[in-house]
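1. Generate coordinates for the sequence data below:
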Amino acid sequence: MTLFPRLSLLAALMAVATAVSPGAALQAQPLSPAPLPALGEGVDLPLAVERRLGDRIAASIYRDEAYLDDPVLAEYLQAIWQPLMTAALKRGEISPELQERFAWHLFLLRDRSVNAFALPGGYLGVHTGLLAAVATPDELAAVMGHELSHVSQRHIARLFTQQQRQAPWVMAAMILGVMAASRSGSAGNMGNAAIMGGQALAIQGQLNFSRDMEREADRVGFGVLTDAGFQPEGVSAMFEKLQLANRFNDNGSFPYLRSHPLTTERIAEARARVQHSSHAHASERRAAGLPSLAYHALMAGRARVLGQPDAETLQFRLREARQLPASATPPQRLSAFYAAAWAAARLRDGGSALAWLERLQVQAAGDAQAARAAQLLGTEIDDMLGRRAEAAAINLSAARGRAELLVQSQALVNAGRGAEVVDPLQTWISRYPRDALAWQLLAQGLQQQGQAARAVRADAEGRAAQLDIQGAVDRLKAAQDLLRSGRGEVSGANLHIEASIIDSRLRQLQASIREQAIEDKLNR
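-> Okay, here's the model as predicted:
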């Protein structure tokens with residue numbers, strides 16, 4: 001158990017503002033409740049600096065054991081995130097410059113607590129616990145739209161301006177310290193957690209400022225949510241969940257409450273907005289192509305099993321499905337059947353996994369999105385159970401989207417047919433060069449194809465995509481060594497081409513490391 005729940009980055013930044021000044025935690029005074037400056041006013045942190053700050057924090061998150069690159073859940077999150085982004089752009093909440101300079105990237109973290117957080121530079125984190133807890137895609141969109149608005153309104157940069165001015169890289173280190181301490185449960189880190197916890201107490205004296213930001217994010221986020229086509233009731237439903245948790249469940253499971261404090265004013269304003277909204281309801285959601293309730297139910301079930309994949313919890317998911325009451329709703333059945341099928345496969349109970357999968361596919365047949373997700377789960381179950389013959393039916397040229405491409409590629413690699421994934425994955429990464437998992441699978445496919453140097457280069461690009469620049473440099477040097485020793489499985493003109501590609505990319509990454517070192521020196 002942690003000493004205090006995981007903080008959002010906005011809360012962490014306020015903790016940092018007092019932590020970086022000796023004695024500030026003891027002397028901190030509440031900030032004035034004056035309104036926030038208008039968008040673009042009083043923001044001294046340049047976009048490029050905020051992006052680099054976010055990149056530094058992101059690089060550490062990629063290496064965190066809680067980071068989860070699950071293509072199936074990631075595709076679901078993107079189905080919500082992209083309509084929100086489109087709506088924010090059309091509304092003018094995100095300027096063309098902000099769109100170009102920021103990352104606009106989602107992280108999924110294996111954490112059962114109900115939380116999401118905004119990072120500097122356009123990064124957003126979502127916990128599996130949040131996915132598992134919300135009942136509809138509208139509720140999840142309400143949270144994500146709110147966090148998107150924290151970024152679009154430059155709240156993090158405005159916090160830097162409002163608080164004591166410190167080097168951004170000092171801030172990045174402190175943010176990561178707060179995040180690590182709040183998640184740590186090891187005895188060796190409890191002291192650090194206690195220190196960070198004491199500094200974080202200073203946040204409580206500054207909530208007036210945070211509430212102003214929350215109300216602004218509520219207002220902007222609601223407009224983005226409804227313009228994206230989601231039901232406004234998702235906002236009120238999420239507020240009701242948080243309000244109930246605030247009253248009866250103060251056990252650390254809802255850190256979103258601590259960093260996004262509820263007030264009667266916020267709740268009243270949210271209800272008023274919903275009452276006055278004339279946007280579309282569920283029937284029009286399907287027409288707009290947004291995630292269906294059935295699709296969400298399956299992804300909530302997946303988030304539950306991936307969020308806690310230990311054997312005891314997986315057994316619990318099976319019992320939960322077996323004991324499902326007759327009064328269970330269709331979404332509840334879909335979620336329970338999906339979780340049970342995945343859990344049984346992970347426990348290597350093939351008969352049970354296939355039986356639950358069959359029940360799931362029957363239940364999901366009436367919804368195209370849910371039926372597709374159930375079919376993809378079947379591919380994963382065959383792979384987990386070692387049913388290699390089933391991979392014969394996989395045709396990557398027919399894959400629809402990232403989830404199908406990567407799940408099916410993984411199944412082919414595991415079946416020893418990695419050569420078949422090389423061309424489709426190369427086509428994919430030519431369009432999405434920051435897809436680290438695609439690079440990793442391509443590396444495995446190339447290795448099975450006997451192209452050792454190219455496999456190592458692909459692995460290097462996967463590391464670079466996750467901002468591990470030094471790791472990428474090391475792998476490129478390893479690829480060079482393979483070519484020089486004649487073990488790279490490349491010859492003739494191709495040898496010269498491959499060597500040139502590796503040399504050019506290596507120089508580019510080494511230059512990036514030098515530039516970062518100079519920047520660090522200037523900001524000390």
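2. So which residues of the protein form strands?
-> Counting by DSSP state E, the chain has strands at residues 105-109, 116-119, 123-127.
3. so what strands line up beside the last one?
-> Yep, that's strand 123-127 we're talking about. Using DSSP bridges, the strands paired with strand 123-127 are strand 105-109 (parallel), strand 116-119 (antiparallel).
4. and among these, the most buried is which?
-> strand 116-119 (a mean of 26; mean count of other CB atoms under 10 Å). For glycine as for every other residue, the C-beta is placed from the backbone atoms N, C-alpha and C.
5. could you dump that strand to CSV, C-alpha only?
-> Extracted in CSV, the C-alpha atoms of strand 116-119 (Å, rounded to 0.1, in the frame of the first residue of the first chain):
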residue,chain,number,x,y,z
ALA,A,116,-6.1,9.6,-15.8
PHE,A,117,-3.5,12.4,-16.0
ALA,A,118,-2.2,15.0,-18.4
LEU,A,119,1.6,15.4,-18.9
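6. Show me the shaky parts of the stretch 351-500 of the chain.
-> 491-493 (pLDDT under 70).
7. switch to 90 and redo it
-> 388-393, 395, 397-398, 486-496 (pLDDT under 90).
8. just to revisit the earlier point, is it possible to export the strands of the chain to CSV including mean pLDDT and distance to residue 364?
-> Shown next, in CSV, are the strands of the chain (pLDDT from 0 to 100; distance: least, CB to CB, whole Å):
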stretch, mean pLDDT, distance to residue 364
strand 105-109, 95, 23
strand 116-119, 88, 27
strand 123-127, 94, 24
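9. what about the helices in the stretch 251-400 of the chain?
-> Under the criterion DSSP state H, counting those that start in this stretch, helices of the stretch 251-400 of the chain are mapped to 255-259, 264-276, 282-288, 293-307, 311-322, 330-346, 350-364, 368-384.
10. Save these as TSV, and put in distance to residue 103 and mean neighbour count too.
-> TSV is the format used below for the helices of the stretch 251-400 of the chain (distance: least, CB to CB, whole Å; neighbours: other CB atoms under 10 Å):
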stretch	distance to residue 103	mean neighbour count
helix 255-259	21	23
helix 264-276	28	14
helix 282-288	26	12
helix 293-307	23	25
helix 311-322	33	16
helix 330-346	30	25
helix 350-364	34	19
helix 368-384	27	21
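11. Can you lay out the ones you listed as TSV showing distance to residue 228?
-> Below are those laid out as TSV (distance: least, CB to CB, whole Å):
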stretch	distance to residue 228
helix 255-259	21
helix 264-276	15
helix 282-288	9
helix 293-307	15
helix 311-322	32
helix 330-346	21
helix 350-364	25
helix 368-384	17
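12. Looking at those, which is nearest to residue 236?
-> helix 264-276 (4.8 Å; CB to CB).
13. So what touches the closest one?
-> Contact with helix 264-276 is made by 211, 214-215, 218-219, 222, 232-233, 235-236, 239, 243, as judged by CB atoms under 8 Å, 6 or more residues apart in numbering.
14. Alpha carbons only: can I get stretch 464-474 in CSV?
-> Once non-C-alpha atoms are left out, stretch 464-474 reads as follows in CSV (Å, rounded to 0.1, in the frame of the first residue of the first chain):
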residue,chain,number,x,y,z
ALA,A,464,14.2,5.3,-30.4
ALA,A,465,10.4,5.3,-30.7
GLN,A,466,10.2,5.0,-26.9
LEU,A,467,12.7,7.8,-26.5
ASP,A,468,15.5,5.5,-25.4
ILE,A,469,18.1,7.2,-27.6
GLN,A,470,21.2,5.8,-25.9
GLY,A,471,19.7,2.3,-26.2
ALA,A,472,19.0,2.9,-29.9
VAL,A,473,22.6,4.1,-30.4
ASP,A,474,24.0,0.9,-28.7
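15. which residues are in contact with that stretch?
-> Under CB under 8 Å, 6+ apart, the answer for stretch 464-474 is 55, 58-59, 62-63, 433-436, 439, 460-461, 463, 506, 509-510, 512-513, 516.
16. Now, of these, which are buried?
-> Those of the contacts of stretch 464-474 that meet the buried threshold are 55, 58, 435-436, 439, 460-461, 463, 506, 509, by 16 or more other CB atoms under 10 Å.
17. Now render those residues as JSON lines, adding distance to residue 520.
-> Below are these laid out as JSON lines (distance: CB to CB, whole Å):
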{"residue": "55", "distance to residue 520": "13"}
{"residue": "58", "distance to residue 520": "17"}
{"residue": "435", "distance to residue 520": "28"}
{"residue": "436", "distance to residue 520": "24"}
{"residue": "439", "distance to residue 520": "27"}
{"residue": "460", "distance to residue 520": "23"}
{"residue": "461", "distance to residue 520": "25"}
{"residue": "463", "distance to residue 520": "20"}
{"residue": "506", "distance to residue 520": "21"}
{"residue": "509", "distance to residue 520": "17"}
